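A.B. asks: Kindly generate the corresponding structure for this input.
(one chain, ligands or ions: 1)
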Amino acid sequence: MTNLLRKIEDRSAHIGVVGLGYVGLPLAVEFARGGYKVTGIDLDAKKVAMINRGANYIQDVDSAVLKRLVKEGRLSATTDFSAVRTIDCISVCVPTPLSKTGDPDISFIISARDAILPHMKAPLLFVLESTTYPGSTNELIIPLLEERGFTVGTNVFVAFSPERVDPGNPRYNTKNTPKVVGGVTKSCTKLAAALYGSVLDTVIPVSSCTAAEMAKLLENTFRSINIGMVNEMAIMCKYLDVDVWEVIRAASSKPFGFMPFYPGPGLGGHCIPIDPLYLSWKMKTFDYKARFIELADEVNSSMPGHVVTLVADALNTRRRSVNGSKVLLLGMAYKKNIDDVRESPAFEVWEGLVKRGAKVAFHDPFVPRVRLDGGVAASKPLTKKALAASDCVVILADHSNVDYRFVVKHARLVVDTRNACKGIRSAKIVRL
Ligand code: SAJ
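C.D. replies: Predicted coordinates:
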């Protein structure tokens, strides 16, 4: 332990980061900026090649910093897990999606673990960052290490440290977002806290891996449930013919005991729609039904359908049927000002409209093209002509670099699911 602690303190430790996506690459850059030699490991040879030529592919990473770190030899990447042999501390940042049956898919954690194990040399600090169900680190990592003769807390140290990346957030980044770390033993927590604390502004140690895993799930379940609640508020306000955005604005004037969330076309991203279901799945093994999580998921999953109905009703009041109408979707990304379309509700809205016979196209300044069942669609230019030719424009991501006054001026009908047209008064606008 002391040898590893010394290598962390004097920055001579060789750091490995497995998974070089929106979590792993920013983390690898922070370790390299902090003075460590960092080897990124990823299965995607294209990503590895881009990093090794100093080319960036993650919006939140500073391209000039990445290029410099690679040039200085501080940061490199490989697809070869044998690099683990010279690694002292390794952080695993691989995806944890849902399977087709809606259960946790921990296959990426398993394959990363199995690829690392044969090359591990004691002492080594192993930190899992991927969001997963409580108990995962103890169940999936510890037994395999012990089977290979390692003694956790003596010659191998294991911790869980949830990633808290908010893609596109201009204020919070990997370095200044507090980092929770929970180890299997006190020495595991101490080493993980020393490592992350050497490059990140704030570290929050907790007593166990499970506490750290649960903290992450509380954070994201909190969001999912509150978004579900406000989506239901939007549905109720529609019945009451009340503007939900005005209601939220008014409620937000309460200086205590309230935190605004906003309705939308549904939950996107690969965290909020998914992470809470890892917890409800785990609770089923205790024969416990996590009712809030399941109800929020039900409401949030119903929103794309609600938007399709809103579009159909809006066209109908203008004596147009969805069938045969031209609909332009504004924003395929799952939230504003990012280029990520994973789990974006826009795809379900698109599918629902096509099923009703609409001809659908999209414009998204951050997303040049999308893959659909029927092939690939390219973002259409947002011109007067394109707007005027559409029977309905549906705003699904409120990107800041779109001129919504221009949209309303030239469109015939606008269904706004994000209140992007706030402050614009027009009979053409139908709001969620
Ligand atoms: N959304 C709403 N209404 C809201 C807030 C969000 O409909 O009031 C929607 C968004 O449009 C999006 C989805 O929910 O489709 C998720 O939004 P998000 O802002 O939570 O975005 P993520 O998933 O990229 O990032 C979140 C982090 N976001 C914030 O804390 C603001 C954070 O919860 C986690 O660090 C991260 O997921 C993660 O990796 O777990």
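
A.B. asks: all helices of the stretch 301-432 of the chain, in order?
C.D. replies: 346-355, 384-389, 404-410 (DSSP state H, counting those that start in this stretch).

A.B. asks: Run through who's touching the second one.
C.D. replies: To tie it back to what came earlier, the one meant is helix 384-389. Outside helix 384-389, the residues within contact range by C-beta atoms under 8 Å, 6 or more residues apart in numbering are 326, 328, 361, 363, 380, 393, 406, 407, 410, 411, 412. In this view, the C-beta of every residue, glycine as well, is placed from N, C-alpha and C.

A.B. asks: do that again at 7 Å, thanks
C.D. replies: 326, 328, 380, 393, 407, 410, 411 (C-beta atoms under 7 Å, 6 or more residues apart in numbering).

A.B. asks: Residue 407 is in contact with the fourth one, correct?
C.D. replies: Yes - using C-beta atoms under 7 Å, residue 393 is in contact with residue 407, at 6.1 Å.

A.B. asks: Between the two, which is the more surrounded one?
C.D. replies: residue 393 (27 against 23; other C-beta atoms under 10 Å).

A.B. asks: That one and the ligand: what is the separation?
C.D. replies: Relative to the ligand, residue 393 is positioned 19 Å away (C-beta to the nearest ligand atom, to the nearest Å).

A.B. asks: go on, residue 340?
C.D. replies: 7 Å.

A.B. asks: Surely that residue and residue 333 touch.
C.D. replies: Yes - assessed by C-beta under 7 Å, residue 340 is found in contact with residue 333 at 5.9 Å.

A.B. asks: just to revisit the earlier point, what touches both of residue 393 and residue 407?
C.D. replies: Joint contacts of residue 393 and residue 407 (C-beta under 7 Å, 6+ apart) are 330, 387, 414.

A.B. asks: how's this structure carved up into domains?
C.D. replies: Domain assignment for the chain by automatic domain parsing gives 2-207, 227-431.

A.B. asks: Pull out the buried members of the contacts of helix 384-389.
C.D. replies: Buried subset of these (neighbour count, 16 or more other C-beta atoms under 10 Å): 328, 380, 393, 407, 410, 411.

A.B. asks: So which of those residues is the closest to residue 178?
C.D. replies: Residue 178 has its nearest neighbour among the buried ones among the contacts of helix 384-389 in residue 407, at 38.8 Å by C-beta to C-beta.

A.B. asks: quick one: contacts for the closest one?
C.D. replies: With C-beta under 7 Å, 6+ apart, residue 407 has these contacts: 330, 387, 393, 414.

A.B. asks: need the residues of the stretch 101-250 of the chain near the ligand, please.
C.D. replies: Taking C-beta under 6 Å from any ligand atom as the test, the list of the stretch 101-250 of the chain residues beside the ligand reads 131, 163, 164, 165, 166, 167, 219, 220, 223, 227.

A.B. asks: The first one contacts residue 96, doesn't it?
C.D. replies: Yes - counting by C-beta under 7 Å, residue 131 sits close enough to residue 96 to count as a contact (5.5 Å).

A.B. asks: and these two? which has more neighbours close in?
C.D. replies: residue 131 (24 against 21).

A.B. asks: and the gap between the residue lying closest to that one once chain neighbours are set aside and residue 196?
C.D. replies: Of all residues not flanking residue 131 in the chain, residue 275 sits nearest, at 5.0 Å (C-beta to C-beta, 6 or more residues apart in numbering). In this view, residue 275 and residue 196 are 21 Å apart by C-beta to C-beta, to the nearest Å.

A.B. asks: thinking again about what came up before, using a markdown table, lay out the domains of the chain together with mean pLDDT.
C.D. replies: Below are the domains of the chain laid out as a markdown table (pLDDT from 0 to 100):
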| stretch | mean pLDDT |
| --- | --- |
| domain 2-207 | 97 |
| domain 227-431 | 97 |
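
A.B. asks: Which strand or helix spans the residue lying closest to residue 9 once chain neighbours are set aside?
C.D. replies: Of all residues not flanking residue 9 in the chain, residue 194 sits nearest, at 6.9 Å (C-beta to C-beta, 6+ apart). Element membership for residue 194 (DSSP states H and E) is helix 186-197.

A.B. asks: Tell me the helix or strand right after that helix.
C.D. replies: strand 203-206.

A.B. asks: ok, and what's touching that next one?
C.D. replies: Everything outside strand 203-206 that qualifies as a contact, by C-beta under 7 Å, 6+ apart, is 178, 179, 180, 181, 182, 189, 193, 196, 197, 212, 215.

A.B. asks: could you point out the longest helix in the chain?
C.D. replies: Secondary structure assigned by DSSP state H gives helix 209-240 as the longest helix of the chain.

A.B. asks: what about the closest residue to residue 89 other than its chain neighbours, neighbour count?
C.D. replies: Excluding its sequence neighbours, the residue lying closest to residue 89 (C-beta to C-beta, 6+ apart) is residue 125, at 4.1 Å. By other C-beta under 10 Å, the residues close to residue 125 number 28.

A.B. asks: from here on, count from 87
C.D. replies: Got it, first residue is 87 now, which makes that one residue 211.

A.B. asks: And what about residue 211, helix, strand or coil?
C.D. replies: Recorded secondary structure, residue 211: strand (DSSP: H, G, I helix; E, B strand; the rest coil).

A.B. asks: quick revisit: out of the helices of the stretch 387-518 of the chain, which comes closest to the ligand?
C.D. replies: Taking C-beta to the nearest ligand atom, helix 432-441 is the member of those nearest to the ligand, at 9.6 Å.

A.B. asks: Just the buried residues of the closest one, please?
C.D. replies: Buried residues in helix 432-441 (16+ other C-beta under 10 Å): 432, 433, 434, 435, 436, 438, 439, 440.

A.B. asks: what's next to it, contact-wise?
C.D. replies: Contacts for helix 432-441 (C-beta under 7 Å, 6+ apart): 351-352, 390-391, 393-394, 397, 408, 413, 415, 417-418, 446, 458, 480, 482.

A.B. asks: Using PyMOL, make a named selection holding only the buried ones among those.
C.D. replies: Remark: buried members of the contacts of helix 432-441, expressed as a PyMOL selection using 16+ other C-beta under 10 Å:
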select buried, resi 351+352+390+393+394+397+408+413+415+417+418+446+480+482
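
A.B. asks: quick check, nearest of the contacts of helix 432-441 to residue 233?
C.D. replies: For these, the nearest to residue 233 is residue 352 (42.8 Å; C-beta to C-beta).

A.B. asks: Having no further points to raise, I will conclude here.
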